[in-house]
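Trainee: sequence and predicted structure, then a few things I'm wondering about:
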Amino acid sequence: MIYKRIIYALLYSRGEFHLSRNFRLQKVGDVKWLKNNFGFGETCDFIDELVIINVTPNPSEADFNNFFKDINELREKIFLPITIGGGIRKLDHVRKCFENGADKILVNFLAHKNKLVCEQIATIFGEQAISIMVDYKKDEKNLSSYINSGKVFSKTLKEFIDSMENLKFGELILNSIDQDGTAAGLDLDCLDLIPKKFKNPILVMGGAGKPEHFIDALSHEKISGVITANLFNFLGKGLQEARNFSIKKNIRLIKFEGVNI
């Protein structure tokens, strides 16, 4: 049986974690704040995976080193698959992600501008180790994909998806800039652009604000998982409640200890 996934994402920049609303960032606290205020670690008992994204603009090598230092402190009590990404431009960044606890790496810019490096990653580490995220929003006529933290137009979302046909990767993450941080529900209309022959798992991100939003998305046959980065809605008992509710509604999730059905 193939299980669906609930995934939590942390957004990190220069020593602090952030909330995001339509890709505008708000600083909320450092690693110690996250652990002390939300018991981060125990919270991870109710998710299938954790994604940690470095949203620092044009990160330097020093920024990467501090990022990895904080990741290693954070994951002392976390025992689940971790995807690390953000600012990855070369193979050395990929190697450092794996050296610092990544089970998978997340790329965005490379899938738009340097597919050769994506191919090298797949050859060296395996295609299952690559998650490709595409940030998109609605323009006048189309859904359009963007790079550089949602600031620079790349191509229409359909053109981007079509361009991936011969690319080797593990899964595709569709991240809605319009829905990001709104807690108003996930965008499922984007799935109309996915061709029938598309075989890779698809995750959606942006807009999850309550357990019902997980049900709406995870009930869709094309969706393998939902990612939320909503700190205040889903830390504490929020992730546990979302998982309980989803399983009660017959979503195929792994039943962890402590999940009451």
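Mentor: Received, thanks. Everything quoted here is computed from the prediction, not taken from an experiment.
Trainee: from here on, just use CA atoms for contacts and neighbour counts.
Mentor: Will do.
Trainee: so in the chain, which helix runs the longest?
Mentor: For the chain, the longest helix by residue count, based on DSSP state H, is helix 61-74.
Trainee: give the buried residues for it.
Mentor: 63-64, 67-68, 70-71, 74 (16 or more other CA atoms under 10 Å).
Trainee: pull the residues that contact the helix or strand following it.
Mentor: Under the assignment DSSP states H and E, the closest C-terminal helix or strand after helix 61-74 is strand 82-85. The contact list for strand 82-85 (CA atoms under 8 Å, 6 or more residues apart in numbering) reads 49-54, 97, 101-107.
Trainee: Gly86 contacts Leu106, doesn't it?
Mentor: Yes - Gly86 is in contact with Leu106 according to CA atoms under 8 Å; the separation is 7.0 Å.
Trainee: check which helices and strands the helix or strand hosting Val94 sits against.
Mentor: If you go by DSSP H and E, Val94 is part of helix 91-99. Judged by 3 or more CA pairs under 8 Å, 6 or more residues apart in numbering; DSSP states H and E, the packing partners of helix 91-99 are strand 104-107, helix 115-125.
Trainee: redo the ones you listed as CSV? Include mean pLDDT.
Mentor: Formatted as CSV, these follow (pLDDT from 0 to 100):
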stretch, mean pLDDT
strand 104-107, 98
helix 115-125, 95
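Trainee: and of these, who's closest to Asp187?
Mentor: Nearest to Asp187, of all those, is strand 104-107, at 20.6 Å by CA to CA.
Trainee: give me the sheet partners of that closest one and which way each runs.
Mentor: As defined by DSSP bridges, the strand partners of strand 104-107 come to strand 82-85 (parallel), strand 130-138 (parallel).
Trainee: report the rounded mean pLDDT for the last one.
Mentor: Think strand 130-138. What strand 130-138 shows for mean pLDDT is 98.
Trainee: can you list contacts of that strand?
Mentor: Residues contacting strand 130-138 (CA under 8 Å, 6+ apart): 104-108, 111, 121-122, 143-147, 150, 157, 169-178.
Trainee: give the next helix or strand downstream of that strand.
Mentor: Note on strand 130-138: by DSSP H and E, the next helix or strand toward the C-terminus is strand 143-147.
Trainee: okay, buried residues for that following strand please.
Mentor: Buried residues in strand 143-147 (16+ other CA under 10 Å): 143-147.
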